[in-house]
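A.B. asks: here is a sequence together with a model predicted from it:
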Amino acid sequence: MAHPFADDFQVRPYWWEAAAPEDTGDASPASVDVAIVGSGYAGLAAALELVRGGQSVALFDAGPLGIGASTRNGGLVSGGLKISKAVARRFGGEVAAAMLEEGRQTLTHLETMIEQEGLETGYRRSGRFVGAHCRSALRAQEAQVQGLTARGIRARIVPKAELRGVIGTDAFVGGMAVDDAGCLHPAMYHRALRNLVRQAGATLTPHCAVNAILREGMGFRLLHASGETTAQHVFVATNGYTGELSPWFRRRLIPLASYMIATEPLPADLIQRLSPEGRVFADTKRVLSYFRISPDGSRVLYGGRASFVDGGEVTGAAKLYRFMTRVWPELDGVELTHAWKGNVAFTFDWVPHIARHDGVVYVGGCQGSGVAMATWLGHQAARSLLGANQPSAFDRDIFPTAPLYDGRPWFLPFVGTWYQLRDALDVRLDRAG
């Protein structure tokens, strides 16, 4: 086919068809107990806990409420966390173990909140399958399964011979199935969460960029597009969209665009062949892909690192289409209706953080897996301000950066090229031997 784009193709998140970001909101107050910058999951979760804890809260966003990654992500909900041996050595075994345990708790926390609050999110405990792109990756998964099961997470290795019972492809040498994982409609979750926060009594102000955060006495004065607001405390939860407002935070985050595409509606029998168990999927490549069936069971949604430079959505969509049809050759010829991208944020030590600098609380760095983790971090940061006795394991004094790094990741194109070469070498070594 000349191109994979349908006549009604849009550069717009598929998720917004059901729940778009919100332009309407409240007037900015003159004074509050807590001001929050950023209207994603972390900011909203913090606002909910703070309001219910007796604080007055105003939340600001430079654009519509939910314009960022919270309504653009794949909706995959992980219940785990990876911590490297180097990070475990830096923090110590006890702290690393606590981080791993909190990573497990993020899924339970999200599920409990959705159920207890009656949130309309399309959530289900789907399970996840991670396809191994080479034999060395499969061996690493075998060790990973041992670690997961030791922490009470249900996981198993799927050998090549059993692959088609889990995913309709022969593209992997096997993989890892994790039952303790889920999926939801990310934009519906955001809408439900912001409605809950508003009902609880928080002020939500879209299209009100905060331009400066100034210390004033024992509190702060925020200069923003609508004037000024004073606050006793300030939270910044801008993650992959952190800009010049927060240079200290920006120097500790590595923003990266993640791209997604949505196919046209597909026949039910094809969907069943592609995903026999209804799981969500990812692979072990360094240039990661993640993919799933849409919540209504009609389409394939495919995402990944289509570019390590600031590329356009259409170019990224064409690249993701090639990735998708390598996994599922049956989809060659299927048209795309939507393509979009959104920013995630990584940290230099590969763990999420709750941090403080000059009195401001910062939350972020979910390593591209933030549906449950961002919700958890916002909740935990708010609990800390309210005087919780047991701080989060992610609430650490150590938040590294790199010399001369200013928040603009000039090195990503080189990293991306290296990752692509390593992925290709893995496959070539498998074929050679």
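C.D. replies: Structure's in. What do you need? Numbers count the residues shown, from 1 in each chain.

A.B. asks: OK, contacts around Asp358?
C.D. replies: 215, 248 (Cβ atoms under 8 Å, 6 or more residues apart in numbering). Bear in mind the C-beta positions are built from the backbone N, C-alpha and C, glycine included.

A.B. asks: can you list the buried residues in stretch 298-315?
C.D. replies: By 16 or more other Cβ atoms under 10 Å, the buried positions in stretch 298-315 come out as 299-308, 313.

A.B. asks: with only the CA atoms kept, save it in CSV.
C.D. replies: Presented in CSV, the C-alpha positions along stretch 298-315 are these (Å, rounded to 0.1, in the frame of the first residue of the first chain):
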residue,chain,number,x,y,z
SER,A,298,-12.2,-3.4,18.1
ARG,A,299,-8.7,-2.0,17.3
VAL,A,300,-5.0,-2.5,17.9
LEU,A,301,-3.2,0.3,19.7
TYR,A,302,0.6,0.2,19.2
GLY,A,303,3.1,2.4,20.9
GLY,A,304,6.9,2.7,21.3
ARG,A,305,10.0,4.8,20.9
ALA,A,306,9.6,5.6,17.2
SER,A,307,12.1,8.4,17.4
PHE,A,308,14.8,9.7,19.7
VAL,A,309,14.6,13.2,18.2
ASP,A,310,11.7,15.6,18.1
GLY,A,311,10.0,13.9,15.2
GLY,A,312,6.5,14.4,13.8
GLU,A,313,3.6,12.1,14.6
VAL,A,314,3.1,11.0,10.9
THR,A,315,6.7,10.0,10.6
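
A.B. asks: quick check: Val87 vs Ala42, distance?
C.D. replies: 21 Å (Cβ to Cβ, to the nearest Å).

A.B. asks: between these two, which has more neighbouring residues?
C.D. replies: Ala42 (32 against 15; other Cβ atoms under 10 Å).

A.B. asks: for the more buried one, helix, strand, or coil?
C.D. replies: helix (DSSP: H, G, I helix; E, B strand; the rest coil).

A.B. asks: for Val363, see how far away it is.
C.D. replies: 5 Å.

A.B. asks: residues in contact with the closest residue in space to Ala318 that isn't next to it in sequence?
C.D. replies: The shortest distance from Ala318 to any non-neighbouring residue, by Cβ to Cβ, 6 or more residues apart in numbering, is to Pro4 (6.9 Å). By Cβ under 8 Å, 6+ apart, the residues touching Pro4 are 317-318, 321, 334-336.

A.B. asks: overlap in contacts of Ala42 and Val363?
C.D. replies: Common neighbours of Ala42 and Val363 (Cβ under 8 Å, 6+ apart) are 237, 239, 374, 377-378, 381.

A.B. asks: which stretches of the chain have low pLDDT?
C.D. replies: 1-2, 433 (pLDDT under 70).

A.B. asks: just want the most central residue of it.
C.D. replies: Nearest to the geometric centre of the chain sits Gly370, at 3.1 Å (Cα atoms, centre = their mean).

A.B. asks: so the nearest residue to Glu120 once chain neighbours are set aside, which of the three states?
C.D. replies: Spatial nearest neighbour of Glu120, chain neighbours left out: Ala192 (5.3 Å); criterion: Cβ to Cβ, 6+ apart. With three-state DSSP as the basis, Ala192 sits in helix.

A.B. asks: so what's Ala192 up against?
C.D. replies: 117, 119-121.

A.B. asks: quick check: it vs Gly43, distance?
C.D. replies: Ala192 is 15 Å from Gly43, by Cβ to Cβ.

A.B. asks: report the beta-bridge partners for Cys183.
C.D. replies: Leu76, Arg124 (DSSP bridges).

A.B. asks: mind listing what it touches?
C.D. replies: Here Cys183 is in contact with 75-77, 123-124, 126, 280, 292, 295 (Cβ under 8 Å, 6+ apart).

A.B. asks: need the helices for this protein, in chain order.
C.D. replies: With helices called from DSSP state H, the chain shows them at 41-52, 85-91, 93-117, 135-150, 186-200, 247-250, 268-274, 313-327, 371-385, 412-432.

A.B. asks: could you dump those helices into TSV with distance to Ala257 added?
C.D. replies: Formatted as TSV, the helices of the chain follow (distance: least, Cβ to Cβ, whole Å):
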stretch	distance to Ala257
helix 41-52	18
helix 85-91	25
helix 93-117	24
helix 135-150	24
helix 186-200	16
helix 247-250	16
helix 268-274	26
helix 313-327	8
helix 371-385	17
helix 412-432	9
